[in-house]
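Peer 1: Coordinates for the following, if possible.
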Amino acid sequence: MNQDYLDPINALNMPEMADTTFAMDFLLRAKEGVRNAAIALTETTSPEARTLLRNQLRQGIAMHQEITDLMMRKKWFHPYELSEQYQLDQLSANNTVMIGQMNLFPGDTSRKGMFDRTPDEHMKGDQA
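Peer 2: Residues are numbered from 1 along each chain as shown. The predicted structure is shown next:
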């Protein structure tokens with residue numbers, strides 16, 4: 001029997017998995033921003049532009065550190081414990097494969113019965 005992954009009952013642990021994924025993506029984008037600001041700084045000759053880029057670089061480094069600290073507190077990132085980080089990376093890879101194998105678009109996409117009221121029921125009294 002195919003599982004309906006759109007049914008909230010089948011979405012256990014998905015919010016946590018999404019949070020870790022979003023945090024890692026944010027961390028990588030912050031790192032990329034730091035790299036880009038540093039490169040731009042080395043290629044700029046204008047004193048005003050260099051000041052602006054230096055400030056952006058400092059802010060990017062601070063943001064990267066905040067994200068890293070958050071992820072470490074939540075135990076989503078273990079930069080000093082490589083065996084633990086490896087286990088997390090393996091879990092992430094396995095989850096990615098599992099999600100890729102899910103039938104996320106079932107033939108029956110009716111959501112009837114999954115909500116506590118029929119759609120637009122609240123609108124009936126508002127229409128005049």
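
Peer 1: tell me which element the nearest residue to Arg54 once chain neighbours are set aside falls in.
Peer 2: Spatial nearest neighbour of Arg54, excluding adjacent residues (Cβ to Cβ, 6 or more residues apart in numbering): Leu41 at 6.4 Å. Yep, even glycine has a C-beta here, placed from its N, CA and C like the rest. Applying DSSP states H and E as the criterion places Leu41 in helix 14-42.

Peer 1: before we move on, what about Tyr86?
Peer 2: Here Tyr86, judged by DSSP H and E, is contained in helix 82-100.

Peer 1: Now do that helix and helix 14-42, the angle between them.
Peer 2: Interaxial angle, helix 82-100 versus helix 14-42 (axes from the mean of the first three to the mean of the last three Cα atoms, to 10 degrees): 110 degrees.

Peer 1: Show me what helix 82-100 packs onto, helices and strands only.
Peer 2: Where contact means 3 or more Cβ pairs under 8 Å, 6 or more residues apart in numbering; DSSP states H and E, helix 82-100 is packed against helix 14-42.

Peer 1: Which strands or helices does the helix it packs on pack on?
Peer 2: Here helix 14-42 touches helix 47-73, helix 82-100, going by 3+ Cβ pairs under 8 Å, 6+ apart.

Peer 1: one more time with 7 Å
Peer 2: If contacts are counted by 3 or more Cβ pairs under 7 Å, 6 or more residues apart in numbering; DSSP states H and E, helix 14-42 sits against helix 47-73.

Peer 1: so what does the helix it packs on touch, helix or strand wise?
Peer 2: Counting contacts by 3+ Cβ pairs under 7 Å, 6+ apart, helix 47-73 packs against helix 14-42.

Peer 1: quick one: buried residues of the helix it packs on?
Peer 2: Within helix 14-42, the residues that qualify as buried are Met17, Thr20, Ala23, Met24, Leu27, Ala30, Lys31, Gly33, Val34, Ala37, Leu41, counting by 16 or more other Cβ atoms under 10 Å.

Peer 1: How about Leu27, nearest residue that isn't a chain neighbour?
Peer 2: Once flanking residues are discounted, Leu27 sits nearest to Ile67: 4.7 Å by Cβ to Cβ, 6+ apart.
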